[in-house]
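Peer 1: All I have is the shape, not the residue letters:
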């Protein structure tokens, strides 16, 4: 019987299956960070349990960490305690950790792939919804809650009901200036924030196959914003080339055995998905969000929609009214006329070397507009080092942008990098929820190219606006 | 975990869709390392507005939340469930829940019951007209009963069984320790290990 990619990876990890019960699934890699793990370790202690497989577990610090003065103690005592708790838990239970200041510290979803720990056909979990990122390698990767973190620590397994599968096919070829971020924002605008609920999305088609690993990670990263638990892309030569030679990638005979297995990880001819969506890649243009959920997005060339006439369901009209009120926007305003105060380039969505390169290429020789601040935050300490080796930091600094240390930074209001109430940002992160980047902050989600062009012009813009 | 069979209490009509977990509890409240005391963070941004429905006199002491579709989207933070429970909520009713939120709720004994959106709309009207209405959520019968109306809800059989019995997942899984040992013995050698750290 033909199977989808997700079904194959699932089947290869079933420890136990029984009628009327969830499958018990083995977990190949468990990533930890400071926010969702302390209560899980406490649970282990209370029950007198150990971490079953420390060698399949790795921790880093990202959500709470400052991106300035990282050699000084963390100023916020509550954040500091949470970080110190992670360090103590890792020491007590024998888990490897990359703390702030370490060359491999960074956002957990940037660190795993760059170490070569994320590989095709694996099951990967983390107490963070953007774990879907790792699906770019053909892994089944999904976010879990703290109770599940404790469960994986104790048993290296999770009881789960099988997901449904959805094919998201992106046909054609992306035009110049259209990125992986625009693809996924268009997918979410199409299927909605609940459209992927209960599904694993498999992205396929020529436009997806042409994406780099970084681009694939951006697409899979935001699967959760469509409500999907995971996103996957079948591994191919691009995947293998990315992995080869990385610290934890197999070598020698192991490499050959692994690649032979990885090559079987494709959806079989004739396999049936529970749902299918087709996106015309040729027609895509840069996308930005106007509202307060990631499904409220439109092409940059559009105008702010009218809640009364552009929506049919009452629940959507209400949501749009509330969004415009929160965002301080008038229906009918061209999106290109929206002025921003802050531009944030970074996050697990768009904080990789390729993202920084793309933005630097746009910004080179320009200045950040008066009254706009731009934060450039590498996704990991390693990305920062690599970017500096290429001189990217000098490009950003010469333009007047701030070059920061690695972390989640302004993606979420948990560390010192936040928007002030009423402040508006163009952000390469993943969520435009109310208050996400700081209480009262207003977020427009954009690609790194749009972020760079917006920083220069001060209004939502794409690089093509700079030539004009 | 405490057993859940039926619950009767007053309910809050929250006319909002896409209530993401950043709204349920903003990130600044996630820095604690304990599992309790998150009630002050619940809907913190919205509660700053005195007009917000949860601040209104007639809805004090509610224990059932009736919300719009796509409740609990976004971040995986289980703190969202802890905040709802710490505040005193036992049940959330919605036409659609985000997967991770629903999974987290089941682990902590918060019942997430799926009703039709039409039924949710009717409940909103009933509760707005009579905030004192007593609502009964019966997990055994899969029913919500209020003022002579009966609405059926969906919850999967396994979650229902676990809630009715008050069972904890880790103990259930540890009963299958041998199956886990056998699976581990067969794992391919090329699968990566995090330890010892690569030089």
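Peer 2: Perfect, I can see it now. What you see is a predicted model; the values in this text were computed from it and never measured.
Peer 1: What residues does the residue nearest to residue A:81 when sequence neighbours are not counted make contact with?
Peer 2: Nearest residue to residue A:81, sequence neighbours excluded (Cβ to Cβ, 6 or more residues apart in numbering or on different chains): residue B:33, at 6.5 Å. Bear in mind the C-beta positions are built from the backbone N, C-alpha and C, glycine included. Neighbour list for residue B:33: A:38, A:39, A:42, A:81, A:82, A:85 [criterion: Cβ atoms under 8 Å, 6 or more residues apart in numbering or on different chains].
Peer 1: low-scoring stretches of the stretch 351-468 of chain A, by residue?
Peer 2: A:468 (pLDDT under 70).
Peer 1: Give me the distance from the helix or strand hosting residue A:188 to the chain's centre.
Peer 2: Element membership for residue A:188 (DSSP states H and E) is helix A:180-191. On the basis of Cα atoms, centre = their mean, to the nearest Å, helix A:180-191 sits 13 Å off its chain's mean C-alpha point.
Peer 1: go on, stretch A:308-322?
Peer 2: The answer for stretch A:308-322 is 28 Å, by Cα atoms, centre = their mean.
Peer 1: what does it rub up against?
Peer 2: Identification of contacts with stretch A:308-322 by Cβ under 8 Å, 6+ apart yields A:291-293, A:296, A:305, A:307, A:331, B:15-18, B:68-69, B:117.
Peer 1: What segments of chain B are helices?
Peer 2: For chain B, applying DSSP state H gives helices covering B:21-24, B:44-47, B:79-87, B:99-108, B:117-129, B:157-165, B:169-174, B:177-185.
Peer 1: closest to residue A:394 out of these?
Peer 2: The closest of the helices of chain B to residue A:394 is helix B:21-24. By Cβ to Cβ, the value is 35.3 Å.
Peer 1: coming back round to it: neighbour-wise, which of the contacts of residue B:33 leads?
Peer 2: residue A:82 (24 neighbours; other Cβ atoms under 10 Å in any protein chain shown).
Peer 1: Chain A versus residue B:88, what's the distance?
Peer 2: 20 Å (Cβ to the nearest Cβ, to the nearest Å).
Peer 1: check contacts around the nearest residue to that residue once chain neighbours are set aside.
Peer 2: Leaving aside its sequence neighbours, residue B:88 sits nearest to residue B:63 (Cβ to Cβ, 6+ apart; 5.4 Å). With contacts defined as Cβ under 8 Å, 6+ apart, the neighbours of residue B:63 are B:7, B:9, B:10, B:11, B:88, B:89, B:90, B:91.
Peer 1: run the last query once more with 7 Å
Peer 2: Residue B:63 makes contact with B:7, B:9, B:10, B:88, B:89, B:90, according to Cβ atoms under 7 Å, 6 or more residues apart in numbering or on different chains.
Peer 1: Enumerate every residue touching residue A:201.
Peer 2: Counting by Cβ under 7 Å, 6+ apart, residue A:201 makes contact with A:166, A:168, A:223, A:228, A:231.
Peer 1: Tell me which of those residues fall in helices.
Peer 2: Among these, no residue falls in helices (DSSP H).
Peer 1: pLDDT, neighbour count and distance to chain B added to those residues, as TSV?
Peer 2: Putting those into TSV (pLDDT from 0 to 100; neighbours: other Cβ atoms under 10 Å in any protein chain shown; distance: Cβ to the nearest Cβ, whole Å) gives the following:
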residue	pLDDT	neighbour count	distance to chain B
A:166	98	25	13
A:168	98	29	17
A:223	98	31	11
A:228	97	30	8
A:231	98	32	13
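Peer 1: from the residues you listed, which single one is nearest residue B:165?
Peer 2: residue A:228 (30.5 Å).
Peer 1: Looks like the closest one contacts residue A:199 (just checking).
Peer 2: Yes - at 5.0 Å, residue A:228 counts as touching residue A:199 under the criterion of Cβ atoms under 7 Å.
Peer 1: Just the pLDDT at residue A:96, thanks.
Peer 2: Per-residue pLDDT puts residue A:96 at 98.
Peer 1: cool, residue B:2 as well?
Peer 2: Note on residue B:2: pLDDT of 83.
Peer 1: Test my guess that it contacts residue B:109.
Peer 2: Yes - applying Cβ under 7 Å, one finds residue B:2 in contact with residue B:109, separated by 5.4 Å.
Peer 1: Neighbour count for those two, which is higher?
Peer 2: The residue with more neighbours, out of residue B:2 and residue B:109, is residue B:109; 16 against 8, by other Cβ under 10 Å.
Peer 1: if I pick the more buried one, what's in contact with it?
Peer 2: Applying Cβ under 7 Å, 6+ apart to residue B:109 gives the contacts B:1, B:2, B:4, B:163.
Peer 1: Let's see the ChimeraX selection covering just the buried ones among the residues you listed.
Peer 2: For the buried members of those, the matching ChimeraX selection, counting by 16 or more other Cβ atoms under 10 Å in any protein chain shown, is:
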select /B:4,163
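Peer 1: Count the residues that sit near residue A:333.
Peer 2: Around residue A:333 there are 13 other residues, counting by other Cβ under 10 Å.
Peer 1: which ones are touching it?
Peer 2: Contacts of residue A:333 (Cβ under 7 Å, 6+ apart): A:303, A:304.
Peer 1: From residue A:287, how far off is it?
Peer 2: Per Cβ to Cβ, to the nearest Å, residue A:333 is found 17 Å from residue A:287.
Peer 1: Residue A:3 too?
Peer 2: Distance from residue A:3 to residue A:287, by Cβ to Cβ: 33 Å.
Peer 1: And the two? Which one has more around it.
Peer 2: Using other Cβ under 10 Å as the criterion, residue A:3 and residue A:287 rank with residue A:287 on top: 26 against 17.
Peer 1: What is the burial count for the nearest residue to that one once chain neighbours are set aside?
Peer 2: Leaving aside its sequence neighbours, residue A:287 sits nearest to residue A:185 (Cβ to Cβ, 6+ apart; 3.8 Å). Other residues within reach of residue A:185 by the criterion other Cβ under 10 Å amount to 27.
Peer 1: Can you name the residues that contact the closest residue to residue B:100 other than its chain neighbours?
Peer 2: Nearest residue to residue B:100, sequence neighbours excluded (Cβ to Cβ, 6+ apart): residue B:76, at 4.7 Å. Going by Cβ under 7 Å, 6+ apart, residue B:76 touches A:36, A:127, A:128, A:129, A:143, A:144, A:145, B:100.
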